[in-house]
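Undergrad: this is a predicted model, with the sequence first.
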Amino acid sequence: MGLLTIIKKQKEKDHEIRILMLGLDNAGKTTIVTSVLGLPISKVSPTMGFEIKTVNHGGYNLNIWDIGGQTTLRGFWGNYFDKTDVVLWVIDCLSMERLDESFAELRQKVIEQDRLVGLKLLILINKVDLYEGGISELVLQITAILQLNEYVPDRSSWEIFPVSGKSGFGIEKVLDWIVENERNE
C-alpha cells in the first residue's frame, strides 16, 4: 500500500477536506471564510500571511487555508499545496481590470506548476451582489477569459460559482459541491 493510499484512507476516516483559498488581494477571500463561519464581516481585514479556519459541513471538517493575495506573498503559495484537496480561486467581479492579472497568477502559480494534479479547482466569482450586469453572462465571460477548458481539460475537476462573501449568496452551493465530490471519490 502506497503512501498516498494511506493518507487517503486516513482522510476518509477523519472526514477531513483541506481547502486552499487563493486569489489576488482584495478579492474577498477572508470575507467568504468569515461568512462560512457565520461570523460578522464588519471587522474583516486583509490577511497577512495565512489563517486556518475549520467548519463542519455535511459531516466533513473543512479546513480552509486562507492565504494572503498581496504581490509579496504570492511567491509563497506553492508552500501550501501539500495535502490539499480543493483550490478555491477567488475573483473580484468588480475589478474586471485585474482579471488578466488574476488569470496570469492562476496559470503561472497553480496550473503550469501542475499543482492541480489530483485536486479540484473552484473559481469563485465574488461580489456578485454588487455587480450590475447579468450573472450568467459574467460567468460565461470569465470562463472564456480563463480558458479553463484548454488549461484544465478534465471538466469534472473544476467548476465556477458566482458568490457573495458579504451576503452569503452561493457559498452553500460551493460547500455542497466540495463535500459531494469528496463523497464520490
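TA: On my side now, so go ahead. The structure displayed is predicted, hence computed values, not measured ones.

Undergrad: hmm, residue 131 is touching residue 139, no?
TA: No - using C-beta atoms under 8 Å, residue 131 makes no contact with residue 139, being 10.7 Å away. Every residue, glycine included, has its C-beta placed from N, CA and C.

Undergrad: shared neighbours, the two?
TA: The contact sets of residue 131 and residue 139 do not overlap (C-beta atoms under 8 Å, 6 or more residues apart in numbering).

Undergrad: can you give me the buried ones in the helix or strand harbouring residue 73?
TA: Assigned by DSSP states H and E, residue 73 belongs to helix 71-74. Neighbour-count burial for helix 71-74, counted by 16 or more other C-beta atoms under 10 Å, picks out 73-74.

Undergrad: what sits up against it?
TA: Taking C-beta under 8 Å, 6+ apart as the rule, helix 71-74 contacts 25, 48-49, 67, 105, 109.

Undergrad: mean confidence for that helix?
TA: Here helix 71-74 scores 80 as its mean pLDDT.

Undergrad: ditto for stretch 174-185
TA: Mean predicted confidence for stretch 174-185 is 90.

Undergrad: tell me which residues are up against that stretch.
TA: Under the contact criterion C-beta under 8 Å, 6+ apart, stretch 174-185 has outside partners 17, 19, 36, 55, 57-60, 62, 85-86, 88, 120, 122, 124, 159, 161, 163.

Undergrad: all strands for this protein, in order.
TA: Ranges of strands in the chain, per DSSP state E, are 16-23, 50-57, 60-67, 86-92, 120-126, 158-162.

Undergrad: on that earlier part again, lowest-confidence member of the contacts of helix 71-74, which is it?
TA: Within those, lowest confidence goes to residue 49 (73).

Undergrad: and for the closest residue to that one other than its chain neighbours, the neighbour number?
TA: The shortest distance from residue 49 to any non-neighbouring residue, by C-beta to C-beta, 6 or more residues apart in numbering, is to residue 68 (5.9 Å). By other C-beta atoms under 10 Å, 21 other residues sit near residue 68.

Undergrad: residues in contact with residue 68?
TA: So residue 68 contacts 25, 46-50 (C-beta under 8 Å, 6+ apart).

Undergrad: so which of those sit within helices?
TA: Among those, no member is found in helices (DSSP state H).

Undergrad: quick check, central residue of the chain?
TA: residue 88 (0.8 Å; C-alpha atoms, centre = their mean).

Undergrad: isn't it up against residue 20?
TA: Yes - in this structure residue 88 lies within contact range of residue 20 using C-beta under 8 Å: 7.1 Å.

Undergrad: got any residues that touch both of the two?
TA: Counting by C-beta under 8 Å, 6+ apart, nothing touches both residue 88 and residue 20.

Undergrad: and stretch 38-47, which residues are buried?
TA: 41, 44, 47.

Undergrad: list just the nearest of these to residue 144.
TA: residue 47 (29.6 Å; C-beta to C-beta).
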